[in-house]
Every structure is written in structure tokens, then in C-alpha cells.
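Asker: Need a 3D model of the sequence below.
(chains A and B)
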Amino acid sequence: MARYRVETACLLAPAVLFLLLLFVVPLARLFSLAFTDEGGVFATFGVLAESEVYRRVMLNTFVVALAVTLITVLLAWPVAYALSRLKGFWFALALYGVLFPFWISVLVRTFSWMILLERNGPINRLLQGLGVTDQPLALLFNDTGVMIGMVHVLLPYAIMPLYAAMARVDRRLLLASDGLGAGLLDTFARVYFPLVLPGLLGGATFVFLLSLGFFITPALLGGANAITLSMLIASFVTDRLAWSLAAAGSLVLLLVVLALLAVAARLLPLDKGMFAR
Amino acid sequence: MRRRTFLATAAAAGAFTGLGGLRQAAHADRPFTFTSWGGALSDAEKAAFTDPFAALKGIEIVNASPTETAKIKAMVQAGAVEWDLVDVGGRTVWQGGEEGFLEPLDLAKIPNAGALEKGWVSPYGVATSTGATIMAWSTTAFPDGGPQSWAEFWDVKRFPGPRGLYKYFYYNYEAALLAAGVKREEVFPFTDEKAEMALGKIKELKPNVSVWWGAGAQPPQLLSTGELALSSAWSGRMLAAEAEGAPVGHTYKDGIAWANWWVIPKGSPNAALAHELLDFALAEEQQAKLLNLKTYGPVLGSATAGADDETRKVLVMAPDNIKDMLILNEEEANKYSRAYEEKWNQLMLG
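Answerer: Numbers count the residues shown, from 1 in each chain, chains lettered A, B, ... in the order given. Okay, the predicted model is just below:
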């Protein structure tokens, strides 16, 4: 038993040491900056609490993250289902279709969206050509643009856990449900959906957490009027040079995320979705 | 950059701050590094200042971009100054003076600065070239020319279409007050009354502003593609875009003239050489070289004398242009930017 423990400790040591030195210590130092304001130890948090801008940006960030999560999950569902039903060549093709964009830099994909979403860009011209609108739609430099870009980047994060859950569903259970006299809706609601739920929740949590901290996409596709928390923190760093404030803002975001995750972990069977077994 | 990457970077910068004992020795094991904004300005500075200076001294100079105030502060705090001379916006000169991340200039070593207008020299930075924030438009949207004053820029009936403005209160304070009919000589010093008036004026135009731009490359690009019909823009970027045949136009009328300031990060191992290069750039011969580049103009008034009529049209400091322009007071701009940051952001979100 003791030998086993020593071996485990030795195997873990490099990874733990690496994380400790290069992640935990710098992170602690960063957060300690939050308490170094000239105005007092907790002055930065006071500034944040009193700032209407900070509250609204925080709210906007959560609203955008929630909307992105909802849209992403709705779009991911049919894709994941199709993936779970396809075989052979078509499965490989569909899987690459999902994974390929994943391998292209977020920056490149975001810039591509800028070209597509322009006032005189292909999407607006198509919509006008089809007579859907007679005026170009404002798709760029607002929350709409941010959401389109973020959903695109985050889709694979929702599709993969959903697909994993769907692929694990034993089709015989559905047949059994059918054999026992349940209709399609009943079978879906009482057999299929509960079996897929952990994958859905895992994917949704992943997408939501990533959305909260997204920077490139909101910075490029959003505008001064569509600010997210990461953009506000970046402006504390680069324009206001108020690093203690940036550290405090980051700390608050981290604490909120951890709290949400703790609540989610208690209420939802997250572990089953995140680490598909 | 996702949040985690940002945190890691910021954290790494913070971690290095603590290693006071390991501070870099005050000698350079890297080439002299000059950092600026990129684009038309960096091209001009390389051709007129840094390349000739490197040839004269027989040294290598690295021209880097983009410049970033937070990076200077981080380098100085970390005791690892990688930049020797940096082109910055005027606000940084005053921020740096207050926060102490800039080297105080030894003006005795920059005798050429004596020939400049007083407003172009400060204890922590000296202006080396001039530009302006001007009105620009898409010639597709306005083939007969765009607005000739900020009041016309605000006139959405006469000049309909989506507008672009800078994403901070900077430049917009001045533009809005001029649009409201405030006289040029009364724009500074800033007062709360004037700042509120400017905010109100911007609020009025806001429904027609679709882009709040942050990078100088944005206005010419967005005007070319038709995303914007008219926008505020940096003069050099517009001149460069027009030279390339982009369907855009501009006017210097009612423009906001400013300078590109050079500063030395505190603790630069090449501070002496940086002073020398600063002085070199202010010499009449070097300043005159900016004329041929037709983007950003000299800061030295006498250097504009040799310009032909064509060139004179694009020089901010040419008498025919500057008489219709407002000179930005950077010290005041730093004050209103800070005092009204929260209100500005509220306006943006509102």
C-alpha cells in the first residue's frame, strides 16, 4: 500500500509541480494585485460594486453567454443525432465537417465572419436578393455579430459530448419502449432524452463557461456598445492602466464561475457528461 | 485571446515583477528597438528617421509594432525593458509621467527640440511628426464630397448613412464640441459643463454610429467596403489608402491636429542612444524627409517650407490646413478621458 502511494506521488509530481509553478503561483500573484490599490485593500472591489458600467457589462456577458449556450445546444442536437446514426464514409465525412473548423484558428474564423457579415457582404446581398429585407441588416459590431461568431466557434464543444451520449444509447431500449406501447413522444421524453441529458448538460456547461471568458470574437465582432467582461478587463489593463482593478474583475469572474459550477455540479449529473464513460 | 491566456500572460508579467533580485543588468544584449503604430506611420518613421540613423551610426535598429502603453508599464515593472524608444499617443506621455514608467528626458541632449512649438515638447516626451483626426467618407456614398465640418458630420439628413467614431472619449470630445458650435479656442481647457455638452451631442448621433473603431486601419477599410458611409479617421491612414486608389475621400477642415510622441521607457539600457535618435529625428533634414512620404507630416514648422503645392495639401502643419484645425491639448485630453471614463462607457452601453 505504502509503495503504491509513493509511486503515485512520483508519477503525479511533475504535473503537479508544473501546474503549481506555472499556473497556480502566477494566478495567485495576479489575484494578489487586486488587493494592492492605493485606496485600501478592498478599494478595487468597492470601485467595481459602485460602477454601473461594470454591473451592466457583467449582466450583458451572462445574457450573451446564456443565449449563445441555448442556440449552440439547439443547433448541436440535430447534428449530434445525425452523427450518432451515420455509418462508414458518411460518418467520417460528417465528423470531419464538425472537427475541421475546430482546427482553424479562432482569429481566422472571426475575421472570415467579418467579411461575411458586412453591410455589403455576401449574407446581406443574399438576403436582399431574395427579398427578405430591402435594407442591409446590421449584423456586425453588435451582440448579433458576437453571438453568430461565438456559436460557430463553440458548436463542436456542444456536439461532441452530445454525440458521445447519443452513441451510447442502447437502441433496444427504444424498441422495448415501443413494444410496451409508448408513442414516439413518450419514448423520447421518458427514455431517449433522460439518457442523453448528461451529455447535453456537459456540453452546455462547457459552452457557457467558455462563453463567459471569450475575448477575440467579442472584441472583433462586437463594438464599444457590445462590451463583454473580458473586453472591459482588457481595457482596464491597456487603457486605464488600472491593473489592480483588472485583477479584481478577473477574480470576481472566477469566483462567480466557480460558484455556478458548484451549484450546477450539485443539481446536475455533470460528471457523467464531462467525462463520458 | 481567451480569458485564460490573458490571465496567464498578465500573471506571468506579475510574477516577473517579483523577481527584483534578478533584474536585467543595464546593458543591451539585443539591438536598439524602436516601436511604433505600424501602417503608414511606421513606414514613414523607418524611412525618414530610423533607417538613416542606423546607417549613420552603423548599428542595427529593430522597428517593431504595435506600440502599447500597458506593455511599457509591464516591461518597466518587470525590469526587462525591451523597447528603447516608443511612439505613443499623447495621453501616454502624461500617464507615464504620473505613473513613473517613462524616463524623464534630458532636453540638453535634444537641442533640436528647442526649435519646436512649445506644445510639442514635454518633460517625458517630444513630438516628432504630426497627423490629425479628420473626417473621411466613402466616395461611393458621397461622390460629390463629404462633410466639411463636424456640424455637417452630425447632420444625418444631408449626409445619411452609417458613421464611425473613435471608441473612446478622445477626439470625440473635441469633434462633438465643434459640432455643437463651440469655438476652437474655447474647446480647452475642459470643464464639466463642456464634457456634459459633448456627451449629449454624441448621444444624439449615437443611433447613426454603427462602428466605434479602435484601430487606425479600420476607417479606410470600412469606408472602402461600404460598411461605413463616413467616419472620423487618422489622416495618414486615409492618405495611404487614397494613394492606393481606395474609393475614399477626406477633408482637413475642422480636423483635430495631434502629434506622434516619442518616449523612452524608464530603465532602457539604450537611453543615451534613444536621446540621440530623438534629436536626429528633429533635425530639419530628417523632418523634411517626411514631406516626400505624403502621410504624416513634420512637426518642425520650418521643414514644411520646401514642400511643393501638392505636398502642402497633405501637411497638417501647412498654414492653409492648420488655420482650419484644432490642436489637441493632450494634457487636457488625459484629464477628461480619466474623469469621464465611466460616463463614456455608460453612454456606449446605453
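Asker: Just the residues contacting the helix or strand encompassing A:L251, thanks.
Answerer: Per DSSP states H and E, A:L251 falls inside helix A:243-267. With C-beta atoms under 8 Å, 6 or more residues apart in numbering or on different chains as the test, helix A:243-267 has contacts from A:30-37, A:43-45, A:47-48, A:54, A:201, A:205, A:209, A:212-213, A:229, A:232-234, A:236-237, A:270-271, B:3, B:7, B:10. Backbone N, C-alpha and C define where each C-beta goes, glycine included.
Asker: Okay, buried residues for that helix please.
Answerer: The neighbour-count check on helix A:243-267 (16 or more other C-beta atoms under 10 Å in any protein chain shown) flags A:W243, A:S244, A:L245, A:A246, A:A247, A:A248, A:G249, A:S250, A:L251, A:V252, A:L253, A:L254 as buried.
Asker: what's the closest of those residues to chain B?
Answerer: Using C-beta to the nearest C-beta, A:S250 comes nearest to chain B of these, at 6.1 Å.
Asker: and the nearest residue to A:Y81 once chain neighbours are set aside, how far is that from chain B?
Answerer: Distance criterion C-beta to C-beta, 6 or more residues apart in numbering or on different chains; nearest residue to A:Y81, sequence neighbours excluded, is A:M166 at 6.0 Å. Relative to chain B, A:M166 is positioned 28 Å away (C-beta to the nearest C-beta, to the nearest Å).
Asker: Equivalent analysis for A:Y96, please.
Answerer: From A:Y96 to chain B the distance is 25 Å (C-beta to the nearest C-beta).
Asker: The host helix or strand of that residue packs against which elements?
Answerer: Using DSSP H and E, A:Y96 falls within helix A:88-99. Using 3 or more C-beta pairs under 8 Å, 6 or more residues apart in numbering or on different chains; DSSP states H and E as the contact test, the elements touching helix A:88-99 are helix A:52-85, helix A:143-168.
Asker: what do you get if the cut-off is 6 Å, keeping everything else the same?
Answerer: Packed against helix A:88-99, as judged by 3 or more C-beta pairs under 6 Å, 6 or more residues apart in numbering or on different chains; DSSP states H and E, are no other helices or strands.
Asker: who touches it?
Answerer: Applying C-beta atoms under 6 Å, 6 or more residues apart in numbering or on different chains, the external contacts of helix A:88-99 come out as A:L83, A:L86, A:P156, A:I159.
Asker: The closest residue to the third one other than its chain neighbours - how many residues pack around it?
Answerer: Setting aside the residues directly before and after it, A:P156 is nearest to A:F102 in space (C-beta to C-beta, 6+ apart), at 4.7 Å. The local packing of A:F102 (other C-beta atoms under 10 Å in any protein chain shown) involves 15 other residues.
Asker: where's B:E227, which helix or strand?
Answerer: Going by DSSP H and E, B:E227 is not in any helix or strand.
Asker: Tell me, how many residues neighbour it?
Answerer: 25.
Asker: Would you mind confirming that it is in contact with A:E118?
Answerer: Yes: here B:E227 reaches A:E118: they are 5.2 Å apart, a contact under C-beta atoms under 6 Å.
Asker: Would you map out the domains in chain B?
Answerer: As recorded under automatic domain parsing, the domains making up chain B are B:28-130+B:259-318, B:131-258+B:327-349.
Asker: can you tell me which residues contact the residue nearest the centre of chain A?
Answerer: Geometric centre of chain A, nearest residue: A:V207, 2.4 Å, by C-alpha atoms, centre = their mean. Counting by C-beta under 6 Å, 6+ apart, A:V207 touches A:T69, A:T72, A:L154, A:Y157, A:A158.
Asker: Kindly recompute the last result at 8 Å.
Answerer: A:V68, A:T69, A:T72, A:V73, A:L154, A:Y157, A:A158.
Asker: and it, helix, strand or coil?
Answerer: At A:V207 the chain is in helix, as set by DSSP: H, G, I helix; E, B strand; the rest coil.
Asker: And it, how close does it get to A:A94?
Answerer: 20 Å (C-beta to C-beta, to the nearest Å).
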